[in-house]
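Enquirer: build me a model:
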Amino acid sequence: REAAWLVSLLPPEGWQTVTVQPNNGTGYINFTNQIVSCTGVPKTITVCASGCNCTSIQADINAACPGDAIEVQSGTYHENVNVNKHLTLQGVSASVVDAGGSGDAITLSANGCTLQDLVAMNSSFVQSGIEYISYNIICGNTATGNSWGIYIDNNTANADGNTITGNTANGNVYGIYLENSTGNNIYSNTANSNNVGIYLSSSTGNTITGNIANGSDTGISISDSSGNTISNNTANSNGIGIQLPSSSGNTISGNTATNNIHYGIALTSSSGNTISGNTINGNSRGIYIITTSNSNSISNNTATSNGIGIDLSSSTGNTISGNTIGSNKEHGIRLESSSSSTLSGNIANFNAKYGIQLKYSNGNTISSNTASGNSLYGIYLDSSSSNIIYLNTFDNTNNGWSNVANHWNATESQSYEQGGQNLTGLLIALDEVA
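Expert: Next up is the predicted model:
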């Protein structure tokens, strides 16, 4: 039957809570935890796989006080670990938590924890090697053989503001996975040979920098996410290096994406992003902007030895400026079914077909670019009209071709320098042909 309990005496502040359970059918009470005094300075507790007083990490966590450190000696611990109070867990030389295919290996459910130098492996399907549902510091750990190597989940708790650094998350479905999480700092990790190396879903304001994500289906994927900074990462030899589906307002800068099977950097239905200063070589397409990806800025990137250096499809209002796009197997820059974009100050030299190609693309402005040494044409316009083309430098066997009407001059007076003189006027077609 139901009973009402009056607790007249509570443990003093700083003591652990006791779990009290009714013993069904007897009327007695089972005290399942021992009261532990948590006064005094934090202490270090040692756990080892065999041969010492405690051989269970979870038992040491249960006996510890907030602020304590648990030193996990070398060995394999076949258990599921839940860090449910403010603790430091420090591994010592190959300290392995093996979930044995059941549940998460390690869960951080308390705030302010530090997890360092542990190996988390063999979680069950759609479970994690290391799962955050709080905010903590995790460094120097290894997560392998899991659905999610390191997983930050803010759907049910406050899992924002984490620091994840120096970890290795290889051989998982997702190496590092952030879901609905904000303000995390993910840097200097290695996430190789996963389905997806680093994955952000519905997450904002995160910094992803200095990581290595190689040899996966996708190196780094930012999905339905905004305001993130993705910088100075390496995403090589994947299916796709860096991918942004349905994401806006992100900064992608200083990354290296080479020798990916499909795309170095790809945006799908993503607008208002900044892509700058990246090195994108040896991909099928270097930078690929597709399907209503509008108003993006693509500047100062190097895209060489790709199939196509920079490729826009079905997108409007993008700015492509100051890029170096050379020695690609087809075209330097291609716009297909794309309008109202600006191409300026780019160098598109020594490409196997066209320096710049427009196909079914109208109302774009192409100025102050250099397209030299391309095998077929410097600039080639196919079924593309009302484009404005001026002050470009072309030095090719065939400099320009168009089958419909375009403005081969500036439509407004321009100020420019030529032959050491500052001039003003309308600039004619192919006005600087070497």
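Enquirer: I figured residue 212 hits residue 232, correct?
Expert: No: the criterion here is CB atoms under 8 Å, and residue 212 misses it with residue 232 at 10.6 Å. (Each C-beta comes from the backbone N, C-alpha and C, glycine too.)
Enquirer: assumed residue 60 was part of a strand.
Expert: No: Residue 60 is assigned helix when assessed by DSSP: H, G, I helix; E, B strand; the rest coil, not a strand.
Enquirer: I'd like the distance between it and residue 69.
Expert: Between residue 60 and residue 69 the distance is 10 Å, computed by CB to CB, to the nearest Å.
Enquirer: and for the longest strand seen in the chain, what's in contact with it?
Expert: As assigned by DSSP state E, the longest strand anywhere in the chain is strand 88-98. Outside strand 88-98, the residues that touch it by CB atoms under 8 Å, 6 or more residues apart in numbering are 57, 68-79, 81, 83, 105-106, 113-122, 141.
Enquirer: how does it look with 6 Å?
Expert: 69-74, 76-78, 81, 105-106, 114-122 (CB atoms under 6 Å, 6 or more residues apart in numbering).
Enquirer: just the buried residues of those residues.
Expert: With burial judged by 16 or more other CB atoms under 10 Å, the buried subset of these is 70-73, 77, 81, 105-106, 114-122.
Enquirer: partners of the helix or strand hosting residue 186, with directions?
Expert: For residue 186, the host element (DSSP states H and E) is strand 185-187. When pairing is defined by DSSP bridges, strand 185-187 lines up against strand 163-165 (parallel), strand 207-209 (parallel).
Enquirer: quick one: name whatever helix or strand follows the first one.
Expert: Spelled out, it's strand 163-165. According to DSSP H and E, the helix or strand after strand 163-165 is strand 168-170.
Enquirer: what helices or strands is that following strand leaning on?
Expert: Packing partners of strand 168-170 (3 or more CB pairs under 6 Å, 6 or more residues apart in numbering; DSSP states H and E): strand 142-144.
Enquirer: for the strand it packs on, enumerate the helices and strands it packs against.
Expert: Under the contact criterion of 3+ CB pairs under 6 Å, 6+ apart, strand 142-144 touches strand 114-121, strand 168-170.
Enquirer: list the contacts of the very next helix or strand once past the last one.
Expert: Meaning strand 168-170. Where DSSP H and E defines the elements, the next helix or strand beyond strand 168-170 is strand 174-179. Strand 174-179 is contacted from outside by 148-153, 169, 191, 194, 196-201, 203, using CB under 6 Å, 6+ apart.
Enquirer: in strands, which of those residues fall?
Expert: 148-153, 169, 196-201.
Enquirer: of those residues, which is the nearest to residue 295?
Expert: If you rank these by distance to residue 295 using CB to CB, residue 200 comes first, at 21.0 Å.
Enquirer: ok, that closest one - contacts?
Expert: If you count contacts by CB under 6 Å, 6+ apart, residue 200 has them with 178, 222, 225.
Enquirer: could you redo the last one with a cut-off of 8 Å?
Expert: Counting by CB under 8 Å, 6+ apart, residue 200 touches 178, 206, 208, 221-223, 225, 228.
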